[in-house]
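Asks: sequence unknown, structure follows:
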Ligand code: BDR
Ligand code: CA
């Protein structure tokens, strides 16, 4: 059984990924930690509470960071054209979800406590800004040796970003946090735009899943409709399932081809948030990549199989 902490900024594709984790029989969700990103932390936390209730999730929701790791860094604007003002496609929903209590700890503390209670077993799937993870490392660097793996949706290595030509949203929103996470001595697998952009779930598939997957998938389809409108500018009447890709990696790593090498994030300037990997074994003069741990970056994906696995898990 995979014991997973889901660090997320729901977010429409985050909502799908959350339901995938909840419904996959080999995954035990230990907690859902929120972070700012697709909206403010107030909004993403409220959305996580809402989804917990609507999806019937028992794992706790824990409120996470509402500002960047380096408070001097200005906050990026919320991507309202992608996820709506409320982060969930602007469906009608209450201001607060009072019947779903929050864990009393901040997300970084929950991560530390959960990792220490399950040494060597916890897999952290991080699909928003890396701020909570960077804070957990800063408070307790020893957890790096106790985590099984960190699977990140973020970055763009051999392709353009989606916020600037250089940077992908999750990294661009907090580059200092991402650099701290990628250079820590734990196993990080990075599933970036290079591969996620190939995973398209069509509107037709989503409608079919909604008919078969019960009220949770019906809700997901409703939330996803404007997201599909947005992504249909790039792909044929469908949505890219970025965050689900990182979750699929946990249970089906054979669907991904990885490249090993240390990873750094450009912090500042015209390429702010750019992710760069030094491929293992390639010679370069001394550089700031040298003494950093080798991480894994996804370069290939069996996209159709990934989408099929998501669909089969949402509506078996
Ligand atoms: C990432 O950014 C967010 O908009 C999505 O939820 C995903 O995590 C894709 O770049
Ligand atoms: Ca996300």
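Replies: Cool, got the structure. All figures in this text were calculated on a predicted structure; none of them were measured in a lab. Ligands and ions are numbered 1, 2, ... in the order given.

Asks: longest single helix anywhere in this structure?
Replies: helix 214-231 (DSSP state H).

Asks: what are the boundaries of the strands in the stretch 101-250 of the chain?
Replies: Listed in chain order, the strands of the stretch 101-250 of the chain (DSSP state E, counting those that start in this stretch) span 122-126, 149-153, 188-191, 200-202, 238-240.

Asks: pairing partners for the third one, with directions?
Replies: Using DSSP bridges, the strands paired with strand 188-191 are strand 149-153 (parallel), strand 295-301 (parallel).

Asks: hmm, that strand in reach of ligand 2?
Replies: No. Using CB under 5 Å from the ion, strand 188-191 stays clear of ligand 2, with a minimum separation of 11.8 Å. (C-beta placed from N, C-alpha, C; glycine too.)

Asks: quick one: mean pLDDT for that strand?
Replies: Regarding strand 188-191, the rounded mean pLDDT is 98.

Asks: check whether that strand contacts ligand 1.
Replies: No. Figure legend: strand 188-191 not in contact with ligand 1 (CB under 6 Å from any ligand atom); closest approach 10.1 Å.

Asks: kindly report the same for the first one.
Replies: No. In this structure, strand 122-126 remains apart from ligand 1 according to CB under 6 Å from any ligand atom; the gap is never smaller than 9.3 Å.

Asks: which helices and strands sit right next to that strand?
Replies: Taking 3 or more CB pairs under 8 Å, 6 or more residues apart in numbering; DSSP states H and E as the contact definition, the neighbouring helices and strands of strand 122-126 are strand 2-8, helix 107-117, helix 131-139, strand 149-153, helix 242-251.

Asks: outside of the longest helix of the chain, which residues touch it?
Replies: Outside helix 214-231, the residues within contact range by CB atoms under 8 Å, 6 or more residues apart in numbering are 12-13, 15-16, 19, 54-56, 81-84, 88-91, 200, 203, 206-207, 209-210, 213, 237-240, 314-315.

Asks: what pLDDT, on average, does that helix get?
Replies: Helix 214-231 comes out at a mean pLDDT of 93.

Asks: with stretch 71-82 instead?
Replies: 87.

Asks: ok, and what's touching that stretch?
Replies: With contacts defined as CB under 8 Å, 6+ apart, stretch 71-82 is touched by 12, 36, 38-40, 67-68, 85, 87, 163, 169, 172-176, 227, 230.

Asks: if we use 7 Å, what do you get?
Replies: Contact partners of stretch 71-82, identified using CB atoms under 7 Å, 6 or more residues apart in numbering, comprise 38, 39, 67, 68, 169, 172, 173, 176, 227, 230.

Asks: gap between the two ends of that stretch?
Replies: Start-to-end span of stretch 71-82 (CA to CA, to the nearest Å) is 25 Å.

Asks: on that earlier part again, with mean neighbour count added, can I get the strands of the stretch 101-250 of the chain in CSV?
Replies: CSV is the format used below for these (neighbours: other CB atoms under 10 Å):
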stretch, mean neighbour count
strand 122-126, 26
strand 149-153, 25
strand 188-191, 26
strand 200-202, 20
strand 238-240, 24
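
Asks: just to revisit the earlier point, could I get the buried residue list for the longest helix of the chain?
Replies: For helix 214-231, the neighbour count (16 or more other CB atoms under 10 Å) marks 216-221, 223-224, 226-228, 230-231 as buried.

Asks: restrict those to those near ligand 1?
Replies: Counting by CB under 6 Å from any ligand atom, the subset of these that neighbours ligand 1 is empty.

Asks: could you give the number of residues near the residue of the stretch 151-300 of the chain found nearest ligand 1?
Replies: As assessed by CB to the nearest ligand atom, ligand 1 sits closest to residue 169 within the stretch 151-300 of the chain, at 3.7 Å. The local packing of residue 169 (other CB atoms under 10 Å) involves 24 other residues.

Asks: what's the spacing between the nearest residue to it once chain neighbours are set aside and residue 55?
Replies: Sequence neighbours aside, residue 163 is the residue nearest to residue 169 in space, at 4.9 Å (criterion: CB to CB, 6 or more residues apart in numbering). To residue 55, residue 163 is 28 Å away according to CB to CB, to the nearest Å.
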